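Participant: Okay, here's the prediction I keep looking at, along with the sequence it came from:
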Amino acid sequence: MKIKKRHLSENLPGIIASAGVLLLLGLFPLFVTKSYHNITITKYLYFVIVSASIFALCLITRIASGKPIDTSKLNPKNPTVSYPDIFMVLFLLVSFASCISSPYRFSALGGGAGRRMGLIMIFALTFAYFFISKFYTIRKTDLKIFGGVFAFSCLIALVQSLGFDPFDLYAKVPETSKVNFVAFIGNVNVFSSFVSLGAGFSAYMFCREKEKKSSVFWLAVSFISFFGLFTSNSDSTYIAFLVIYALLAIMTSKEKESFERFFVLIFLMFFAAGLFSILRLIKGEGVYKLPFLTELITNFKIVIAGLVISTIFILIIRLTKIPNSVIIVLNKIIIGMIGVISVALIATFVYFSWINTDAQLGNLENYLRFSDDWGTYRGFVWDRLLTAFKGFPLTKKLIGCGPDTVALILKDVFGEESTARPGYYFDNAHNDLIQYLVTVGISGLLSYVLLLVTVLSKSFKSESVEIKALAFAIVVFFAQSMFNIIQPITTPLFFVFIALTQCSVKE
């Protein structure tokens, strides 16, 4: 009996951590109280309270068990303290120093002048990272719960795009603003980052999962994720899917079965696009106007062409015996093509932005020419923030002006000019690297980048498909974060994924 009690006390931190992960992966994305008008503060309070409480309970129960440190892990191959642990702590310490030395100390503490991503939230992110990475062991069921929640959110977004509101989430939202809010996430830019995280994870799992039932599950989630793409009303989602397909083309072309699944994903994307268009036609009134890229990809001519081409590739891969030597060559060709296309896009962007600035680009103006208006005034805020950073004293260059203080920095440095072009104050850089550079300085940015680098370098060497899928989703999220906002709804989930890569996996 004593042995059982001792065994329970030693396992209790893991049980509590498992409950915490379910609260963050399963309930957090769905948690709302009074529709969209208070969703940011609702999610903020939920994450802070849950992460701090679970971390405290795990720590207390581990100390009470008489084994505060698991000595079995004290070896060079699996150290108790890893490089990601070190950089996560450094990120917190720099944020703390930045906050207490900030001229906007109280705003930096709670993030009140921004999106509630101040020092309190950074503490919460750190708590979540450590209770997950140190006490939790990944269960595949938990990841499927997240996949189910993600798919459900995308379906709700689809229903809303057709003019229905089954959960009365649009209460108190003006009719003209409804297009800017989606599912249980809120702002379309935030939903875009949520779709990026879920779609990246599910797509990789489908392409790489060997177990049949699991692969079917992730196939279904991936199919539903395309409705998230079409309803997000945000170009950053297309950036995320472009990264997903570019990376999967390189990764899957080394193996016949995975490569076939890659084209199955492409087929399903166009199938979902066609279905989305048909549903909109059936509904008729009450549907909102589609943005340029969504209107392009859901055009029936594009849909039919995409279905035919992907079907041809699927049949070629399935019905022919492709030798390994050909697969190796094909993989190199795909890498070369993606490289050439990437260089061509960059060169085109540079040409129209700084060489031929008078050429008429039509709908492509906002994509191929950098200006203050580029990316819905992202060009404006990036230019102003980098200019402000150049004028910072050395101390502020190193540790920044305080977490989540972009709005205050712009107002102090540029005054009314900071609102002259867009007509409103930016409270976010719409780029994670620039945001961290000006708010927590070079030291905070470096800690954040090294955290990601060490996490990814270790994760992609893992033998676990789940760990690799988590790392893949992190890359996809990071790519879209170069154009999106830091906030307390999906940024915490990003850090949860980072923490999960540090765990072991069991059935």
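Facilitator: Thanks, I have the structure now.

Participant: number of nearby residues for Arg105?
Facilitator: Using other Cβ atoms under 10 Å, Arg105 has 14 neighbouring residues. Just so you know, the C-beta spots here come from the backbone N, C-alpha and C atoms, and that holds for glycine as well.

Participant: Okay, buried residues for stretch 16-33 please.
Facilitator: Within stretch 16-33, the residues scored as buried using 16 or more other Cβ atoms under 10 Å are 16-18, 20-25, 28-29, 31-32.

Participant: Touching it from outside, list them.
Facilitator: Contacts with stretch 16-33, where a contact means Cβ atoms under 8 Å, 6 or more residues apart in numbering, come from 39, 42-43, 46-47, 50-51, 54, 57-58, 61, 128, 131-132, 135-137, 139, 142-143, 145-146, 149-150, 152-153, 167, 169, 184-185, 194, 492-493, 496, 500.

Participant: hang on, the earlier thing: and the buried residues of stretch 16-33 as a markdown table, adding distance to Leu296, pLDDT and secondary structure?
Facilitator: Output for those, formatted as a markdown table (distance: Cβ to Cβ, whole Å; pLDDT from 0 to 100; DSSP: H, G, I helix; E, B strand; the rest coil):
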| residue | distance to Leu296 | pLDDT | secondary structure |
| --- | --- | --- | --- |
| Ile16 | 48 | 96 | helix |
| Ala17 | 45 | 96 | helix |
| Ser18 | 44 | 96 | helix |
| Gly20 | 42 | 98 | helix |
| Val21 | 39 | 98 | helix |
| Leu22 | 39 | 97 | helix |
| Leu23 | 40 | 98 | helix |
| Leu24 | 36 | 98 | helix |
| Leu25 | 34 | 97 | helix |
| Phe28 | 34 | 98 | helix |
| Pro29 | 29 | 97 | helix |
| Phe31 | 35 | 96 | coil |
| Val32 | 32 | 93 | coil |
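
Participant: Just the ones in strands from the contacts of stretch 16-33, please.
Facilitator: Within the contacts of stretch 16-33, residues falling in strands by DSSP state E are Arg139.

Participant: Strands along this protein, start to end?
Facilitator: Using DSSP E, strands in the chain cover 138-139, 181-182, 186-187, 505-506.

Participant: For Ile304, see how far away the nearest residue to Asn299 once chain neighbours are set aside is.
Facilitator: Excluding the flanking residues, the one nearest Asn299 by Cβ to Cβ, 6 or more residues apart in numbering is Ser277, at 7.9 Å. Distance, Ser277 to Ile304, by Cβ to Cβ, to the nearest Å: 11 Å.

Participant: Now for the closest residue to Ala240 other than its chain neighbours, how many residues are close by?
Facilitator: Once flanking residues are discounted, Ala240 sits nearest to Ser196: 3.6 Å by Cβ to Cβ, 6+ apart. By other Cβ under 10 Å, 32 other residues sit near Ser196.

Participant: residues touching Ser196, list them.
Facilitator: Applying Cβ under 8 Å, 6+ apart to Ser196 gives the contacts 236-237, 240-241, 473, 476-477, 479-480.

Participant: Just the helices from the stretch 51-200 of the chain, written as ranges.
Facilitator: Ranges of helices in the stretch 51-200 of the chain, per DSSP state H, counting those that start in this stretch, are 83-100, 105-110, 119-135, 140-161, 188-208.
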